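> Predicted model and sequence follow; I will ask about them next.
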Amino acid sequence: MTVLEILVGVLLIFLVRQNKAAEFICDKGADHCHTSLVIDNAFTMIDKKNGPLFVDEGTLRPISQPDKEVSIENVTTADGWNTTLPLLTANQSMPGPSIFLYQNQTITIIVQNNLINEAVSIHWHGIDQLGWPAMDGVAFVTQCPILPGQLFNYTFQPRFSGTYWYHSHVGNQRDMGLYGAFIVLKREGEVPIKNQHIVHLQEWNHEYGPITLLKANLKNTATSSESILINGKGQFENNKAPLEVFQLDKSESNLFRMIGVGSADVFLFSIPGIPLIVKETDGYPVVPQVVDEIIIYPAERYDFELDLKNIREGVYNMTVHILEGTKLKKLQNIVGLGLLNITNSLSLPVNSLTSTSGKKTVLNCPFEVFPNEPNIKCIPVSFLEARPSLTLQFDILPPTQETSTHFLNFGFPTDKGYSSINGRKFIWPTVSALTQPLEVDTSCGKCNAENSCECTHALDLKSGSEIIMVLSNIGNGSFITHPIHMHGHTFEVLKMGFPTVNKTGFLIPNNDIQCNPQLPNEQSLCNNATWRNSMWMQYRTIPDINTINPVRKDTIVVPYGGYSIIRIWATNPGVWFMHCHIDRHMLSGMALMLNESFENIVNLPKDMPTCHSFRNAPLSHLNTVLAVSSDTNGGSYVNTGLIVTSSILFLALVITSLVLLRTCRENGDAGGISREARELRPML
């Protein structure tokens, strides 16, 4: 770091006043805490008093008064681009306010929807909701969405300490800023809250909003990210926009809680020159691992401390890069930056630097050898070991001795190109599946081993059984690595199978799984996979499987050309969502519902809202109209078609009834109306 860079960093520290929403901290002695989140629109680069802003050498100035300086307080700058972009936020801030509470405290969070046009729901990511299945916050799975003007009372009791987060679970609202940290603190041995630093990482596009990127047929947007934000702040092409600044002193314990809140991109995080001591992932402790860099996928979390014994006081860069494609090639033109201001109030000695091999240690590679990077030592997340701790209780129901194995293949099978699991494109229910189960059709009869289909895909889990899931990413629909998140559980990662990296850096898919005995894997949709070695169905015989101290996660990387083996017990009754956390993939169908021990779900809250579609026509005619309107690609035709069809049906039924009535009278029917007419009458 040059002297000029240090001076610029120090100047920014003095200029930048932290823009943090008021955090909520539950009193340690309380049994039950209460807070609220108000969901409303907000905007980037606007000050309520001074209007639209622009960036000038680290300061904000109104476009209408360029000589005036505006405080960053209450301004969401994003990457400093001087065009206002609409946001959806909790409490008018991106990120939303951090929520802190202690283990086993009950918390009530009133979510008020003040949006004009949109429904919302809030998911508490990583909280297993044991005994609180209606509080998971997934619209049309565990609840009806919260309509504009409505509120929803989320009450639950987190049991395990760790880094979690909350975000919208309606569409891609999360990508518009609706997220925040949800931290469950240890009762003993916790780093002081003032020394806990939350690091939200996300990609950003200041030209197009998330809906436009998702729905519009834009060209040249394959890489839609234009910048990277840390806690809602970043820079575009070195425009000197305000950055997030972290203050810490060498004499104190400090903990960083890093959360991947982005919509799609894979990030490579580092603080160049400072080793990272990883202590937890997804809320659960691991045997500490010292690394130089961490690969983090959407929805993952990593807690780490800094090894500062060789570090002098000063200002250091926190850097984030985007990794692209199956080989995770680093993009050089986009870098996310934060600033780390390290002080040494007790004048602690600085150890002399020891010689190093020049190799970097990188955590969470989706392969054992990094392609074309001989100076990188990979540590896949499955190589981490759980730290011995108190016995963790995850069960409402008693576990049984029964074991089931499920193969789930994530990809885009080539027959239809669906974003799918086992060739099934997930179609969202139009009701709350948890509270209106009789109105959900989960049949997927049109799918088979080499054919894709659309359906409300659900996987039934037998009460109390041990569940082994083999999450694969192979076959002709395998194109990219997927971060898979499971609601209602954290799971043990027993093993990961990786592609082979040859001398030229080419990835050769793993061959442990057989997609179809009649086809090579690369020609198969892989909808009905199994182990190539049938002995592996007894999972404990699989080589290198870890059932002793496996790392525990709620979001796991399923490598391109590979697989991840995870384990849960079906002892938490509920309907739990499982999906790829790349938003475009989830919204396009890469999801399913876990129907877990449904017969044992009890004590759902009274008066939960209900929701459903309204069909004022026989279903067969309605589906025909919808299909025609879909072909014409015009939303207005749906309403017109429904009105016309309903009118025609109504007139036809009236005429038919009148004809039958007249016939009956002519035939002298004493009953006044025929049996056929009586059957038709309820439809009028």
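Looks like it came in fine.
> Can you point out the buried residues in stretch 313-329?
313, 315-324, 326-328 (16 or more other C-beta atoms under 10 Å). No exception for glycine: its C-beta is placed from N, CA and C like everyone else's.
> Let me see the mean pLDDT of it.
Regarding stretch 313-329, the rounded mean pLDDT is 96.
> Begin at 3 from now on, thanks
Got it, first residue is 3 now, which makes that one stretch 315-331.
> chain center to that stretch, what's the gap?
Centre-to-centre, stretch 315-331 and its host chain are 21 Å apart (C-alpha atoms, centre = their mean, to the nearest Å).
> Ok, stretch 395-406 next?
Averaging C-alpha positions (C-alpha atoms, centre = their mean) puts stretch 395-406 27 Å from its chain's average.
> what do you get for stretch 131-150?
That offset, for stretch 131-150, works out to 15 Å (C-alpha atoms, centre = their mean).
> Going by neighbour count, list what's buried in that stretch.
Buried residues in stretch 131-150, defined by neighbour count with 16+ other C-beta under 10 Å: 131-132, 134-148.
> Please apply the same query to stretch 274-283.
Ile276, Pro277, Leu278, Val280, Lys281, Glu282, Thr283.
> Please narrow the residues you listed to those residing in strands.
Judged by DSSP state E, strands contain the following of the buried residues of stretch 274-283: Leu278, Val280, Lys281, Glu282, Thr283.
> Please produce JSON lines containing those residues, extended by pLDDT and distance to Glu254.
As requested, those are exported to JSON lines (pLDDT from 0 to 100; distance: C-beta to C-beta, whole Å):
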{"residue": "Leu278", "pLDDT": "98", "distance to Glu254": "17"}
{"residue": "Val280", "pLDDT": "98", "distance to Glu254": "19"}
{"residue": "Lys281", "pLDDT": "97", "distance to Glu254": "16"}
{"residue": "Glu282", "pLDDT": "98", "distance to Glu254": "19"}
{"residue": "Thr283", "pLDDT": "98", "distance to Glu254": "24"}
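> now, among these, which is nearest to Asn106?
Of all those, Glu282 has the smallest distance to Asn106: 18.3 Å, by C-beta to C-beta.
> Show me what the closest one is bridged to.
Note on Glu282: beta-bridge partners by DSSP bridges are Pro287, Asp305.
> what's the neighbour count on Phe481?
Residues near Phe481, counting by other C-beta atoms under 10 Å, number 12.
> Check which helix or strand Met588 maps to.
Assigned by DSSP states H and E, Met588 belongs to helix 585-590.
> send the alpha carbons of that helix over as PDB?
Taking Å, rounded to 0.1, in the frame of the first residue of the first chain, the C-alpha atoms of helix 585-590 are listed here in PDB:
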ATOM      1  CA  ASP A 585     -32.600 -16.000  -8.000                       C
ATOM      2  CA  ARG A 586     -33.100 -16.500 -11.700                       C
ATOM      3  CA  HIS A 587     -32.700 -20.300 -11.300                       C
ATOM      4  CA  MET A 588     -35.200 -20.500  -8.400                       C
ATOM      5  CA  LEU A 589     -37.800 -18.300 -10.100                       C
ATOM      6  CA  SER A 590     -37.500 -20.300 -13.200                       C
END
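> Check which helices and strands the helix or strand following that helix sits against.
Per DSSP H and E, the first helix or strand lying C-terminal to helix 585-590 is strand 593-598. Applying 3 or more C-beta pairs under 8 Å, 6 or more residues apart in numbering; DSSP states H and E, we find strand 593-598 packed against strand 426-428, strand 460-463, strand 576-582.
> And those: which comes nearest Glu25?
Nearest to Glu25 among these is strand 576-582 (27.7 Å), distances taken as C-beta to C-beta.
> how about low-confidence regions in the stretch 103-252 of the chain?
Within the stretch 103-252 of the chain, the ranges that satisfy pLDDT under 70 run 219, 221-225.
> any idea where the helices of it begin and end?
212-217 (DSSP state H, counting those that start in this stretch).
> again with the stretch 303-452 of the chain
Using DSSP H, counting those that start in this stretch, helices in the stretch 303-452 of the chain do not occur.
> Give me the below-cutoff pLDDT ranges for it.
Flagging of the stretch 303-452 of the chain using pLDDT under 70 yields the residue ranges 354-359, 391-394.
> Many thanks, I have nothing further to ask.
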